[in-house]
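Peer 1: the sequence isn't on hand, but the structure is:
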Ligand code: HEM
């Protein structure tokens with residue numbers, strides 16, 4: 001039994017086209033819950049760039065093209081900048097999170113604080129720190145390449161930049177807490193899960209032992225982690241600042257401007273929440289993107305060699321690349337852009353937007369309160385723009401003369417007023433990691449006992465952010481006589 005989404009003409013403008021829905025529940029059965037972006041992309045081929053789906057009573061508008069996303073989410077951003085009410089936000093302890101705040105004064109205040117910390121000139125200040133943390137990452141990978149995933153996690157520059165806190169191993173207590181919370185959140189804040197819980201909020205009140213109610217047990221766990229992470233990281237900087245032992249950081253900068261003796265003012269509270277938000281928004285995303293980069297380098301060895309040959313010719317072998325080399329290394333930027341495009345870490349543009357008013361687009365009604373999902377996966381794999389879109393081809397971002405095209409794969413960072421606030425930090429962190437990892441290491445398939453390559457399928461995880469499921473691989477220094485001492489000398493020579 002199916003019903004059509006379209007309203008009758010007499011009822012006003014129609015909703016955008018979309019797949020037939022079941023009464024009451026809507027399109028719950030037709031979605032690939034592991035990879036909803038693929039279902040939306042497939043429906044897009046049939047119904048167009050703007051499509052309507054419904055989960056229970058929730059209107060969901062999926063935008064499959066960058067052009068439509070810009071026309072709607074940017075040019076009409078005063079209507080499209082809310083976030084849907086996500087039933088799991090409070091249960092998961094995420095009330096502090098600026099990313100989830102409704103469009104209004106509270107969000108505006110947070111966004112201003114975030115902007116002060118990571119706007120282009122402020123982000124620029126953190127470049128030496130980003131290089132320093134990347135050097136640390138290289139030394140860690142050289143010593144224990146098999147633990148590269150852990151090293152990517154502890155090598156995150158974000159924790160140092162935000163709190164002035166230097167995590168040296170992935171067992172660092174702050175990272176452990178944050179990692180556990182993030183895993184639950186990225187799985188359970190998905191719109192499909194949230195829509196089900198919004199439709200049946202009483203489910204959240206069922207005891208954790210009730211069959212199917214694992215989410216409640218997980219929520220209690222996540223709440224504990226979230227609280228610990230927001231408080232303990234902040235207390236670290238607060239105490240260091242009071243003792244005069246703090247390293248430079250965004251939070252120390254912000255707190256210095258506030259007259260608050262005991263840390264209880266509203267403004268201090270907002271700084272604390274914003275810091276925890278930036279950590280959440282900036283670490284998992286950057287790590288996932290670097291894991292995607294490593295996968296691409298292994299699957300596309302000729303691309304890896306081209307990038308390394310360029311680094312050798314521009315930088316030589318007596319030092320490592322730094323930001324002064326960026327202009328001459330445009331192919332590295334093309335690799336970064338292609339990584340963001342090939343497997344976008346946020347295939348559905350992170351947390352959806354929501355509309356605050358009815359809107360009309362191309363004759364279709366977009367009702368007030370609709371959930372708006374930009375299908376970044378579809379935009380990044382649009383064959384009319386990206387030939388052979390499933391393949392990793394950085395050259396697509398280069399002009400014939402080797403300069404970069406105007407396409408910065410910006411859809412990876414979202415749209416309009418809710419677009420990524422930290423994209424300048426992210427861009428610099430990704431560039432430094434990609435350039436330096438390629439300068440020092442060769443990434444290849446691992447070998448089995450008989451010396452044959454172990455094939456990898458490149459399968460991705462599911463959730464709000466995605467990354468490759470761990471696969472066997474080999475990371476070896478490009479220079480056979482590379483040692484910790486030699487790498488340290490190279491680092492010192494790098495300026
Ligand atoms: C590769 C790295 C990153 C990617 C791919 C990424 C991507 C995104 C995306 C897709 C959004 C949602 C945009 C929208 O709703 O339209 C977002 C939001 C956000 N990002 Fe990033 N991001 C990255 C790194 C960072 C970093 C390093 C920071 C901070 C230091 C950051 C801070 C934020 C914040 C605060 C928001 C919420 C904006 C709001 O709701 O007002 N991100 N990011």
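Peer 2: Perfect, I can see it now. A quick note: this is a predicted structure, and the numbers were derived from the prediction, not measured.

Peer 1: how many residues are close by residue 291?
Peer 2: Residues within reach of residue 291, counting by other Cβ atoms under 10 Å, total 24. C-beta coordinates here come from the backbone N, C-alpha and C atoms, glycine included.

Peer 1: how close does it sit to residue 443?
Peer 2: Separation of residue 291 from residue 443 (Cβ to Cβ, to the nearest Å): 11 Å.

Peer 1: repeat for residue 306
Peer 2: Distance, residue 306 to residue 443, by Cβ to Cβ: 14 Å.

Peer 1: the two: which is more packed in?
Peer 2: More crowded of residue 306 and residue 443, by other Cβ under 10 Å: residue 443, with 21 against 15.

Peer 1: A helix includes the more buried one, no?
Peer 2: No - going by DSSP: H, G, I helix; E, B strand; the rest coil, the assignment for residue 443 is strand, not a helix.

Peer 1: who in the stretch 301-450 of the chain is up against the ligand?
Peer 2: 345-346, 349-351, 353, 412-415, 418-422, 425-426, 430 (Cβ under 6 Å from any ligand atom).

Peer 1: show me these that map onto strands.
Peer 2: Among those, the members found in strands (DSSP state E) are residue 353.

Peer 1: give me the number of residues near the nearest residue to residue 387 once chain neighbours are set aside?
Peer 2: Using Cβ to Cβ, 6 or more residues apart in numbering and skipping residues adjacent in sequence, the residue nearest residue 387 is residue 396, 7.5 Å away. If you count neighbours by other Cβ under 10 Å, residue 396 ends up with 19.

Peer 1: likewise for the one 3 residues further on?
Peer 2: By the measure other Cβ under 10 Å, the count of residues near residue 399 is 10.

Peer 1: now do residue 327
Peer 2: Residue 327 has 11 neighbouring residues, counting by other Cβ under 10 Å.

Peer 1: over to residue 173?
Peer 2: Here the number of neighbours of residue 173 (other Cβ under 10 Å) works out to 10.

Peer 1: tell me the contacts of residue 282?
Peer 2: Residues near residue 282 by Cβ atoms under 8 Å, 6 or more residues apart in numbering: 156, 158, 162, 422, 425-426.

Peer 1: filter those to the buried ones?
Peer 2: By neighbour count, with 16 or more other Cβ atoms under 10 Å, the contacts of residue 282 hold 156, 158, 162, 422, 425-426 as buried.

Peer 1: can you convert the residues you listed into CSV and add a column each for distance to residue 468 and pLDDT?
Peer 2: Shown next, in CSV, are the buried ones among the contacts of residue 282 (distance: Cβ to Cβ, whole Å; pLDDT from 0 to 100):
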residue, distance to residue 468, pLDDT
156, 18, 71
158, 21, 84
162, 26, 91
422, 23, 94
425, 23, 93
426, 19, 94
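
Peer 1: for residue 264, helix, strand, or coil?
Peer 2: Here residue 264 is recorded as coil under three-state DSSP.

Peer 1: equivalent analysis for residue 233, please.
Peer 2: Here residue 233 is recorded as helix under three-state DSSP.

Peer 1: which ones are touching it?
Peer 2: Contacts for residue 233 (Cβ under 8 Å, 6+ apart) come out as 159, 162-163, 165, 174, 275-276, 279.

Peer 1: quick check, residue 122 in contact with residue 114.
Peer 2: No - with contacts counted by Cβ atoms under 8 Å, residue 122 stays clear of residue 114, the gap being 10.2 Å.

Peer 1: who has more neighbours, these two?
Peer 2: Neighbour tally, residue 122 and residue 114, criterion other Cβ under 10 Å: the higher count belongs to residue 114, 20 against 16.

Peer 1: how about the nearest residue to that one, chain neighbours excluded?
Peer 2: Leaving aside its sequence neighbours, residue 114 sits nearest to residue 421 (Cβ to Cβ, 6+ apart; 4.6 Å).

Peer 1: measure the one you found to residue 486 for me?
Peer 2: Distance of residue 421 to residue 486, computed by Cβ to Cβ: 39 Å.

Peer 1: so which of those two has more stuff around it?
Peer 2: Legend: neighbour count by other Cβ under 10 Å for residue 421 and residue 486, higher for residue 421 (25 against 13).

Peer 1: what's near enough to touch the more buried one?
Peer 2: Contacts for residue 421 (Cβ under 8 Å, 6+ apart) come out as 111, 114-115, 118, 278, 281.

Peer 1: between which two of those residues is the distance greatest?
Peer 2: Greatest spacing in those, by Cβ to Cβ: 115 and 281 (13.3 Å).

Peer 1: neighbour count winner among those two?
Peer 2: A count of neighbours by other Cβ under 10 Å puts residue 281 above the other of residue 115 and residue 281, at 22 against 12.

Peer 1: okay, and that one sits in which element?
Peer 2: Using DSSP states H and E, residue 281 maps to helix 266-299.

Peer 1: for the record, mean pLDDT for that helix?
Peer 2: For helix 266-299, mean pLDDT rounds to 93.

Peer 1: what does stretch 482-495 give?
Peer 2: Mean per-residue pLDDT for stretch 482-495: 94.

Peer 1: cool, and stretch 435-447?
Peer 2: The pLDDT scores in stretch 435-447 average 98.

Peer 1: one more: stretch 108-126?
Peer 2: On average, stretch 108-126 scores 92.

Peer 1: ends of that stretch, what's the gap?
Peer 2: 24 Å (Cα to Cα, to the nearest Å).

Peer 1: how about stretch 313-328?
Peer 2: One end of stretch 313-328 sits 10 Å from the other (Cα to Cα).

Peer 1: and what of stretch 58-70?
Peer 2: Its start and end residues considered, stretch 58-70 measures 23 Å (Cα to Cα).

Peer 1: for it, buried residues please.
Peer 2: 58-66, 68-70.

Peer 1: those residues also near the ligand: which ones?
Peer 2: Counting by Cβ under 6 Å from any ligand atom, no member of those reaches the ligand.

Peer 1: with respect to pLDDT, which of the residues you listed ranks lowest?
Peer 2: Within the buried residues of stretch 58-70, residue 58 has the lowest pLDDT, namely 84.

Peer 1: ok, what's across the strand from that residue?
Peer 2: Per DSSP bridges, the residues bridged to residue 58 are residue 55.

Peer 1: distance of residue 130 from the ligand?
Peer 2: 10 Å (Cβ to the nearest ligand atom, to the nearest Å).

Peer 1: where does that residue sit, in terms of helix or strand?
Peer 2: Assigned by DSSP H and E, residue 130 falls in helix 127-143.

Peer 1: over to residue 456?
Peer 2: Under the assignment here (DSSP H and E), residue 456 is part of no helix and no strand.
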